[in-house]
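J.: after the sequence you'll find the predicted model.
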There are 2 protein chains.
Amino acid sequence: MAGFAPIGVVVGILGVLYAVYLARWVLRQDPGNEKMQFISQAIATGARAYLFRQYKTLAVLLAVLAVLILLAIDLPRGTYGLTMLGFVIGALGSMLAGYLGMYVTTRSASRVAQAAATGGMGGALLVSWRAGAVMGLSLAGIALLLISGFYLVFKAVTHDWAVPLVALGFGASLVTLFMRVGGGIYTKAADLGADLVGKIEAGIPEDDPRNPGVIADNVGDNVGDVAGMAADVYESYVVTVTAAIFLAAILGLPAQYIEMIILFATLALVATFVGVNLLKTSGVKHPLSAISMAIYATIALSVVLFFIGSFLLGIEAWRALALAAATSLGALVAPVIVKITDYYTSYNYGPVRRIAEQAKISPATVIITGYGVGLMSAIPAVLVIAAVLGVSYAIGFYAVPVTAFGDYSKYLAGIFGTAMASVGLLVVAGIIITADSYGPVSDNANGVVEMAGLPENVREVTDVLDSVGNTTKATTKGYAIASAALAALVLFIALIFEIVNAAAAIKGMSMLSILDNSLKALQVINPSVLIGAFIGVLLVYFFTSRTLEAVGRTAMEIVEEIRRQFREKPGILEWKEQPDYARVVDIATRRALGEFLVPGLAAIIVPLLAGLLLGWNALAGLIMGAIVAGVPRALLMANAGGAWDNAKKYIELQGLKKTEMHKAAVIGDTVGDPFKDTSGPSLNPLIKVLNTLSVVFAYAIIFTNIALGIYPFGLFPLA
Amino acid sequence: MAGFAPIGVVVGILGVLYAVYLARWVLRQDPGNEKMQFISQAIATGARAYLFRQYKTLAVLLAVLAVLILLAIDLPRGTYGLTMLGFVIGALGSMLAGYLGMYVTTRSASRVAQAAATGGMGGALLVSWRAGAVMGLSLAGIALLLISGFYLVFKAVTHDWAVPLVALGFGASLVTLFMRVGGGIYTKAADLGADLVGKIEAGIPEDDPRNPGVIADNVGDNVGDVAGMAADVYESYVVTVTAAIFLAAILGLPAQYIEMIILFATLALVATFVGVNLLKTSGVKHPLSAISMAIYATIALSVVLFFIGSFLLGIEAWRALALAAATSLGALVAPVIVKITDYYTSYNYGPVRRIAEQAKISPATVIITGYGVGLMSAIPAVLVIAAVLGVSYAIGFYAVPVTAFGDYSKYLAGIFGTAMASVGLLVVAGIIITADSYGPVSDNANGVVEMAGLPENVREVTDVLDSVGNTTKATTKGYAIASAALAALVLFIALIFEIVNAAAAIKGMSMLSILDNSLKALQVINPSVLIGAFIGVLLVYFFTSRTLEAVGRTAMEIVEEIRRQFREKPGILEWKEQPDYARVVDIATRRALGEFLVPGLAAIIVPLLAGLLLGWNALAGLIMGAIVAGVPRALLMANAGGAWDNAKKYIELQGLKKTEMHKAAVIGDTVGDPFKDTSGPSLNPLIKVLNTLSVVFAYAIIFTNIALGIYPFGLFPLA
């Protein structure tokens, strides 16, 4: 068998080429009049400037880490700098993903606006959907290309190729973490600042060009929602697929099992080629159901292809079918999570209406009830994740032929079933990114329409597209969290075996001979594990707290600047003077970059110190704590934010704008903004950074533990 | 050696007698004029009516559980109904504690108000402090009496006396859970409802007798803050001390180690007799520092007595001293946690001022920043708990002579060190309850002064006492959470050994022979454990969500009722008509009792089902998840609530009442109310109910696991 990795490389390249073709189509569309182009240009310039400054700030840190990886991992392990290489390429991939997202969106916005003006709903939907597809196809294509390609190259160079592959995921998730935090602070501080003074104090509409914060607000959408989400889903893809391959390698599974992972990812991308063309745009009345249909069709096609593809692998048919079923189970999680999110965040159901009802009595009860809804929304979603973990584990338990680990063999086989489920959830990422990227494109188009003063009927079209975009954005957040959770669980268990592997290598013993004692150190009643678990939860708290407060602080500075401009240049509000957009952009840029380092560094330093000094089992506890606390918290923050947003919209729909009730709902929405767009989304890359970092540095951690005499039991020797 | 348990019984009785003496002194004070007495009477009647209805509602549930315990535990184990008896007495103890708290507070309020009118600050402080001491001494006395007494009785009747002793804790924590939830919903819904219409809409001051919700609000203080907190600290005491005794028994420690626990508890109560008399009241200017001094003196005296007492035990001096050190470490946590809480919730420091600063821009950023402060405040507190866990574990590791568990012996010895630390933290409960109960007494006195229309200078005195009471209330919350965390950790590990013990009994094997395999099922990478951990976190979420939303719903109904009364009887606001207080009291009572069953039942049913059907290791994961998620969340909610409250006060102090800035801060304070007084405090008893329930039902759980073929590895067999 030649293997499917070369086919993965080819299909990955095809994905990128298809994306280029679609991008050229989008760029051929009419970019609208000069004013529209000017506004688009201003936003694009601000976004590019921010991204480049962000990348420059990161470059130093990445260089230091790269050298550290070279010295602490590649040299002692004799892996020719491959781990460092994987890390650097992974990091560059996330940067590229973010840049691409930003590039496509800013270039498309005025074209979607123009299409809305000339072609109505159908035309505008087609342009924005194809712009989204550029992102979806290029990111999935690049990820598949990188993983398949590096798998081939690394394997040819060394038998220690598995950790360098995870380093690809580490680089990707680390950069994404910083982009999520920095971009999240930028976008919500600008949004908050612009809205608080513009909408509430000055009484001018959103996106009104008289607002000095309006360009910063739109730049924020691009560096936060667009670049951040693009990097996030790309990173999830890379981490999940490399984690599954890593696990197969460390469990000593036959090569066909690794080929299966690549094959299924390839087939899903093929299904996505079909899926992006299934959107019905002409004469469309309900863009949301059209988009949902395209997503469902892609998932259904992927599932069919998984089952067909499973016969190509050359392993026993029942095993192949069982694992195709586990993978399909993962793929089916996507629509289930989307439905759950929809129930808790759409105004068609009870929860959001309960929040809206509370606006009759006070903003405080809106916050209390919305927070309650957010907490509750985490329950079904996490139960689905837990159920998938259990079922896919059971499938793996029976169907995966692990034999190298004595009594523990079947126990470990189980987790490969979960790995396939996480791959299944992720390989539909292409179509999900397409639907998600469509959102900010429409949002930006809406901004262009408003700022360029296009007629009301155009605004109506982009308004509909924008509100559908809000829904796809909210639901894909749930999807991103679920995929992060499954990926993290797989990586968590893979980490334990990389630890055992590293210890066996250092001590020159077989993995099997040290397995039993190593695992004893992982009992939940071990104080090291418990202390680690508390630290993991606290890291999530620290992260959330820092990002929330950063938004508050930055917004405050922006509010003061906008108030100052209105005060010193009273002509602005009467259209007689030009506001100074650049100063607000500058404040947001400076503060976001000032605030994003501390939480990001904490995500690197805390787990490393815990692993080195408290022992590897404290690190395992830390990761478990971060996962079990971080996943529900990410759902809470995303869904509470979405629910508050839509409670406000629901009240607006009833014609109650500018009432006390509406004001109360606006306060809820404003609290929700950094919940759903800054702190919540940062938790996904956080839990994956903790995992991938630990896998990459496992060798150094165990080496130090042994030197300090705290291996294998941590600070509290068992015997 | 005769043992210290009889001395414990005697000192416990002395504590109760001393409390009776102080109560008589308080009741001899002048209760004030007729109007004051009438108001006090109305509050007392409402509170008593609520408590009795609550107890009646609980009676059915408790009876069912008692029968279940008899059938599922006492009969198969042959323990003569002692487990059931322990459960029932424990439950009645919590009810009595709540009733006592309510009785003393409502009887004292008008007397404190009168003392403020005639004796100024010193006189009022003395009366309210002694009223608090009635609570502190009687609860600590009753707890010590019950534990020492039952230890003597149970041990005389059966060798299986340890589980019945934990049942005492289960009964206590279960009733407390319901009291915390029901009382918490009542108090905050009434507070919110009364404030939203009274203070914000009608513009009348707090506690104004024209407000139809004012009696319900004051009743709420008594059934929530007073009865709830009294039951909470009492329950913590019982659970912690019985857990330590249980652990000593199950580890097979010599009887002296159990005697040590009772001796230290007894010595701490003796120190408390001294401590309550150390408060300097005459001519006092700063009541808070006087109270702090009395607390510190009691702790210092307790520590000295622990070291002296350790020589009386008849065990090797170095072991006794080491364990006295571990116990003292626990006692010293109290002031450290108090300081941390103070830093994050007092307006003398940065965090609260940052929140107040945000009020300049909007209520939303007040919420965002306050939530961030709450998250951050959990970090140092949990790190202290984790450090105490580590250090006390290390002490136990070396100093406790466990030998019965082979290789695991020292590993298990460690946790007895932590048990002693948790005892140390708890035995200072008497003085802490004294300081805490003093708060609501002053609060109620303040209400009486306002409603009875006493002169401004009296109000000034009770205002100072009330604000000091707010601080002691906030800081003792942190104390209660820390003690819950340590108690839960000890119980958690004790549970694992009760599981092994039960399995050994059922299978007719020695504990040692099944220990190794049993503990293997507890690895953090076991999917049952992970799924359990997720369920534990979700249970905390469910609980928080239900309680928060219940407050919102109930407040809404109260708001509508108060608005209706103002609308239909316009004479109320002009002092011409009497508001209908009883209807609001009735709504609050009915709703609180309607809402408290579901979360309470979930705390019983979810862990039982998880243990029975998913396996005992899933239950262990569940408890760990609930602890690591619940403890930081309890701190977050308590401290965010306290910080918002004081940010508002800070703004008021600057003379900015009735500004936009103040309004923004009031919204934050209102959000914080159910955070700090309903959902947050309910989490303490929740994590202890999960633990004690599991210990009590361990036998039935293991029996079922074996019958279902899922013992010892849960759903996923290891080998």
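T.: Sure thing, it's come through. As the structure is a prediction and not an experimental result, all values here were calculated from the model. Numbers count the residues shown, from 1 in each chain, chains lettered A, B, ... in the order given.
J.: just confirm yes or no for stretch A:584-604 near chain B.
T.: No: on the criterion C-beta under 8 Å from any C-beta of the partner chain, stretch A:584-604 is out of touch with chain B, staying 10.9 Å away. C-beta coordinates here come from the backbone N, C-alpha and C atoms, glycine included.
J.: using CSV, write out every CA atom in that stretch.
T.: C-alpha atoms of stretch A:584-604 as CSV (Å, rounded to 0.1, in the frame of the first residue of the first chain):
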residue,chain,number,x,y,z
VAL,A,584,-8.8,55.5,18.4
VAL,A,585,-7.2,52.9,16.2
ASP,A,586,-3.9,53.7,17.8
ILE,A,587,-5.2,53.4,21.4
ALA,A,588,-6.8,50.0,20.6
THR,A,589,-3.7,48.7,18.9
ARG,A,590,-1.3,49.8,21.7
ARG,A,591,-3.5,48.5,24.5
ALA,A,592,-4.4,45.2,22.9
LEU,A,593,-0.7,44.5,22.4
GLY,A,594,0.2,45.6,25.9
GLU,A,595,-2.4,43.4,27.4
PHE,A,596,-2.0,40.2,25.5
LEU,A,597,1.4,39.2,26.7
VAL,A,598,0.7,38.4,30.4
PRO,A,599,-2.1,35.9,29.9
GLY,A,600,-0.3,34.3,26.9
LEU,A,601,3.0,33.9,28.8
ALA,A,602,1.1,32.5,31.8
ALA,A,603,-0.2,29.7,29.5
ILE,A,604,3.4,28.8,28.8
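J.: quick one: mean pLDDT for it?
T.: Across stretch A:584-604, pLDDT averages out at 92.
J.: repeat for stretch A:319-336
T.: Throughout stretch A:319-336, pLDDT has a mean value of 95.
J.: residue A:67: neighbour count?
T.: The number of residues packed near residue A:67 is 11, by other C-beta atoms under 10 Å in any protein chain shown.
J.: quick one: secondary structure of it?
T.: Residue A:67 falls in the helix class when you classify it by DSSP: H, G, I helix; E, B strand; the rest coil.
J.: give the full set of residues in contact with the closest residue to it other than its chain neighbours.
T.: Of all residues beyond its chain neighbours, the one nearest residue A:67 is residue A:84 (7.8 Å), with distances taken as C-beta to C-beta, 6 or more residues apart in numbering or on different chains. Counting by C-beta atoms under 8 Å, 6 or more residues apart in numbering or on different chains, residue A:84 makes contact with A:66-67, A:69-70, A:73-74, A:167.
J.: between the two ends of stretch A:243-257, how far is it?
T.: The first residue of stretch A:243-257 is 13 Å away from its last residue (C-alpha to C-alpha, to the nearest Å).
J.: next helix or strand past the strand or helix carrying residue A:322?
T.: Using DSSP states H and E, residue A:322 maps to helix A:317-345. Heading C-terminal from helix A:317-345, the first helix or strand you meet, by DSSP H and E, is helix A:350-358.
J.: near chain B, which residues of the stretch 251-400 of chain A?
T.: Looking at chain B, the residues of the stretch 251-400 of chain A close enough under C-beta under 8 Å from any C-beta are A:354, A:357-358, A:360-365, A:367-369, A:371-373, A:375-376, A:378-379, A:382-383, A:385-386, A:389-390, A:393-394, A:397.
J.: try it again at 10 Å.
T.: By the rule C-beta under 10 Å from any C-beta of the partner chain, the part of the stretch 251-400 of chain A lying against chain B is A:351, A:354-355, A:357-358, A:360-383, A:385-387, A:389-390, A:392-394, A:396-397.
J.: average pLDDT for the host helix or strand of the residue nearest to residue A:67?
T.: Applying DSSP H and E as the criterion places residue A:84 in helix A:82-157. The average pLDDT for helix A:82-157 rounds to 91.
J.: so after that helix, what's the next helix or strand?
T.: Using DSSP H and E, the helix or strand that directly follows helix A:82-157 along the chain is helix A:162-195.
J.: mind listing what's buried along that next one?
T.: By 16 or more other C-beta atoms under 10 Å in any protein chain shown, the buried positions in helix A:162-195 come out as A:162-195.
J.: ditto for stretch A:496-513
T.: Residues A:496-506, A:511 are the ones in stretch A:496-513 that count as buried (16+ other C-beta under 10 Å).
J.: tilt between the helix holding residue A:84 and helix A:162-195?
T.: 140 degrees (axes from the mean of the first three to the mean of the last three C-alpha atoms, to 10 degrees).
J.: from the chain's centre, how far out does whatever helix or strand residue A:702 lives in sit?
T.: Here residue A:702, judged by DSSP H and E, is contained in helix A:680-708. Helix A:680-708 sits 19 Å away from the centroid of its parent chain (C-alpha atoms, centre = their mean, to the nearest Å).
J.: likewise for stretch A:55-67?
T.: 21 Å.
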